[in-house]
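> task: produce atomic coordinates for the following.
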Amino acid sequence: MKKILINARKEDYENLLPLFEGVYHVIVHADGVYQVKVFVPDSDLDAFIERIKPAIDMRYRENLIEVLSPDFVISPYLKRAEEKTKTPEKTPIEELLDTTKPYQKFDAGKVVLTSIAGIIALTGLFLNNVAIIIGAMLLSPILGPIYGFAINMAIGKARDGMRSIGVLAGLLACVFALSALTTFALNLVTPLAITSEILSRTEVSPIYIFMAVLLGFASVLALARGMSDLIAGVAIAAALLPPTAVMGIALAMMHPYLLPSTVLVLENVIGMMAGALIATLTLRIGPREYYEQVAARRFITRTVLLIVVLAAILLALSMVLTPLV
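Residues are numbered from 1 along each chain as shown. From the prediction side, this is the model:
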């Protein structure tokens, strides 16, 4: 159950009043502003916001819409209303956008956490220990930027979407540089063995990009539906963190494998971006206003074309490199 608090001027309140029919609500009039408290089932929230938002002129500071989640509500009427609703639950656009904000800028916490995860993954790769590599995936905050990219592009906020990709590129660059420097330094002290876990992440194949599309789709679907981000985050990290660490190893001591490992990482990134965008289209995530919808479609079309071109290049490289590795 959600509680919606609406402040509206008299003019806007008159537009809103017909929309409250059949919805449990309480109205208070104070200082020329109407305050309306509305309770709706979770599954009806997005549709209700869709109805009331056009009726309020949000240019006025008196007008606002606030959504809260009460710990519990005791009301037989609301309980019956919630039991009767059959609408599939849909997370409001505003809530989705709010969850992407932390992934649009660098902060020390993300860099440190990703760097630690990269070192742990590097250790697991050289020890040929799958358990250690999985432990590194649990720490890595790489899922957020891909999710932020997909949601913001679907809403038409291309600049915020590209910021998220910039954060992802920066985090992967940290893992790459740290892995290369650590490998170079350790190799000066003691010879390092090339394990099967390392070699397995230098193999390229066109199938990887299609697997990455499915992974990106499933991850955004899970997050948008309010499912746990732990499993999705581990899956994303599995596709990006160890291969990026292998890129660093290849730069330091396995030069012939640098290109294949780089292609593998790019395949995973491009594939997951494509899958994430497909998920937003499947879930019909988009802006509410018509002019914003037009802008969003334009941005998505351009992004899809760019992803298709990059994917075609990577597929061609994969087919060329496959017999060589």
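> list the contacts of residue 131.
residue 124 (Cβ atoms under 8 Å, 6 or more residues apart in numbering). Placement of C-beta: from N, CA and C, glycine included.
> what about it, helix or strand, and which?
Using DSSP states H and E, residue 131 falls within helix 130-139.
> average pLDDT for that helix, rounded please.
In this model, helix 130-139 has a mean pLDDT of 79.
> same question for stretch 23-31.
Here stretch 23-31 scores 76 as its mean pLDDT.
> please renumber so the chain begins at 38
Renumbered: residue one is now 38, and that last one reads stretch 60-68.
> return the set of buried residues in it.
Neighbour counts over stretch 60-68 (16 or more other Cβ atoms under 10 Å) mark 60, 62 as buried.
> one more: stretch 222-231?
Quick answer for stretch 222-231 (16+ other Cβ under 10 Å): 229, 231.
> off-centre distance for it?
Once both centres are worked out by Cα atoms, centre = their mean, to the nearest Å, stretch 222-231 turns out to sit 37 Å from its chain's centre.
> let's verify residue 230: helix, strand, or coil?
coil (DSSP: H, G, I helix; E, B strand; the rest coil).
> where exactly do the helices run in the stretch 88-237 of the chain?
113-121, 130-137, 145-164, 167-176, 180-192, 195-226, 233-236 (DSSP state H, counting those that start in this stretch).
> ok, then the element right after the last one?
Going back to what we said before, that points to helix 233-236. Next in sequence after helix 233-236, counting helices and strands by DSSP H and E, comes helix 243-261.
> so what touches that following helix?
Counting by Cβ under 8 Å, 6+ apart, 128, 133, 136, 180, 183-184, 187-188, 265-266, 268-270, 272-273, 276, 301, 304-313, 315-317, 319-320, 322, 348, 351-352, 355-356 sit against helix 243-261.
> beyond that helix, next helix or strand please.
Next along the chain after helix 243-261, taking DSSP H and E as the criterion, comes helix 266-290.
> okay, the angle between that next one and helix 195-226?
For helix 266-290 against helix 195-226, the angle by axes from the mean of the first three to the mean of the last three Cα atoms, to 10 degrees is 50 degrees.
> buried subset of the contacts of helix 243-261?
Buried among these by 16+ other Cβ under 10 Å: 128, 133, 136, 180, 183-184, 187-188, 266, 269-270, 272-273, 276, 301, 304-313, 315-317, 320, 322, 348, 351-352, 355.
> looking at the helices of the stretch 88-237 of the chain, which is closest to residue 82?
Shortest distance between residue 82 and the helices of the stretch 88-237 of the chain, using Cβ to Cβ, is found for helix 130-137: 8.8 Å.
> what is that closest one packed up against?
If you count contacts as 3 or more Cβ pairs under 8 Å, 6 or more residues apart in numbering; DSSP states H and E, helix 130-137 packs onto helix 180-192.
> report all helices and strands that the helix it packs on contacts.
helix 130-137, helix 195-226, helix 243-261, helix 266-290, helix 295-319, helix 327-358.
> report the angle between the helix holding residue 168 and helix 145-164.
170 degrees.
> state the pLDDT value of the nearest residue to residue 306 once chain neighbours are set aside.
In space, and not counting its chain neighbours, residue 306 is closest to residue 277: 6.9 Å by Cβ to Cβ, 6 or more residues apart in numbering. Model confidence at residue 277, given as pLDDT, is 85.
> burial measure for residue 277, as a count.
26 (other Cβ atoms under 10 Å).
> could you chop the chain up by domain?
39-127, 131-361 (automatic domain parsing).
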